[in-house]
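In: predicted model follows, preceded by the sequence.
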Amino acid sequence: MESLLSGGLQEVVELLQAQVGAQPRVAVENSERVHLAGHRHSSFHAIYSGCAGLATIAHSPSLLSSLTSLLLPGGRLTLTQALPASTPPASLTSMLVLAGLPSPSAPTLLPPTSSVVINTKAKMGEVELYSISVAKPKHEVGASRLLSFAKPAAAAPAPAPGPWTLDDMEDDTVELVDEDELLDQEDLVKVDPSSLRVCGTTGKKKACKDCSCGLKEELSDGKEPTTKSVNSSCGSCYLGDAFRCGSCPYLGMPAFKPGQKVQLSSRQLNPDLVEAKA
């Protein structure tokens, strides 16, 4: 094959076509327009790049990717690359491995008498030409296979239903619950006012130890608690909360005159009202 590729481009194409016959055909493409040629993927058994005429092609990663995609699984890529004297030939091996073509052959230095070497040096100056070949793996790019020790992936559980929102419902199809059905007969029974009686000091239904509001006596006698007048021990309870002690039965009530019945105004019974200003 080396002697075959040592001639000119036209001569090489004719020799290759004579060896492979009418089918499959031999195609010649410009390296910069390979991706525009319209060839089907995995349709070539062998590809030769820079092996005839001039070896001035720079095999960039994008070019190698295009050439690899055109090869059949197991097909072979052979290329000739001109390298400066300071560049080690092992860089060609690394270049192919990074392009997804493992186990390339060792780079071979072409003899100086080869027509490709003579023509290329006349064009590029003092360079060394190397030939390297590699076979495409016997599987397509991106193919996967289950390993023998791997377990089949378990089926993914069904996703849990998400929380519903009012946005998911249409007003015309929503059935509202009758509010009367949410109430039992026990809910309609009026509360006994006596059960609401609490201690004036602690605010609890149980009388405190030093009860002075009469709740302790009324609870012990089984009577309904009633409001009962209490004599102030300090004589200042009628002046307001500022003059009352912590256990004062009048705590929280408005100021009043001694002996006067305490009454709350409508404004005090409803704090949300706003008095109109004159």
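Out: Arrived safely, thanks for sending. Residues are numbered from 1 along each chain as shown.
In: let's see the lengthiest strand in the chain as CSV, backbone CA atoms only.
Out: Criterion DSSP state E: the longest strand present in the chain is strand 71-83. C-alpha atoms of strand 71-83 as CSV (Å, rounded to 0.1, in the frame of the first residue of the first chain):
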residue,chain,number,x,y,z
LEU,A,71,-15.9,4.9,8.8
LEU,A,72,-17.7,1.7,9.3
PRO,A,73,-17.2,0.0,12.6
GLY,A,74,-13.8,-1.8,12.2
GLY,A,75,-12.8,0.4,9.2
ARG,A,76,-9.3,1.8,9.0
LEU,A,77,-8.1,5.3,8.9
THR,A,78,-4.6,6.0,7.5
LEU,A,79,-3.2,9.5,7.5
THR,A,80,0.1,11.2,6.7
GLN,A,81,1.1,14.2,8.8
ALA,A,82,4.0,16.6,8.3
LEU,A,83,5.6,17.5,11.6
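In: avg pLDDT for it?
Out: With pLDDT averaged residue by residue, strand 71-83 scores 90.
In: now whichever helix or strand comes after it: buried residues?
Out: The C-terminal neighbour of strand 71-83 among helices and strands, as given by DSSP states H and E, is helix 90-98. Neighbour counts over helix 90-98 (16 or more other C-beta atoms under 10 Å) mark L92, T93, M95, L96 as buried. All C-beta spots, glycine's among them, are computed from the backbone N, C-alpha and C.
In: same check, this time on stretch 74-84
Out: Using 16+ other C-beta under 10 Å as the test for burial, stretch 74-84 gives G75, R76, L77, T78, L79, T80, Q81, A82, L83.
In: now the buried residues of helix 90-98 in CSV, with pLDDT?
Out: Shown next, in CSV, are the buried residues of helix 90-98 (pLDDT from 0 to 100):
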residue, pLDDT
L92, 92
T93, 91
M95, 91
L96, 91
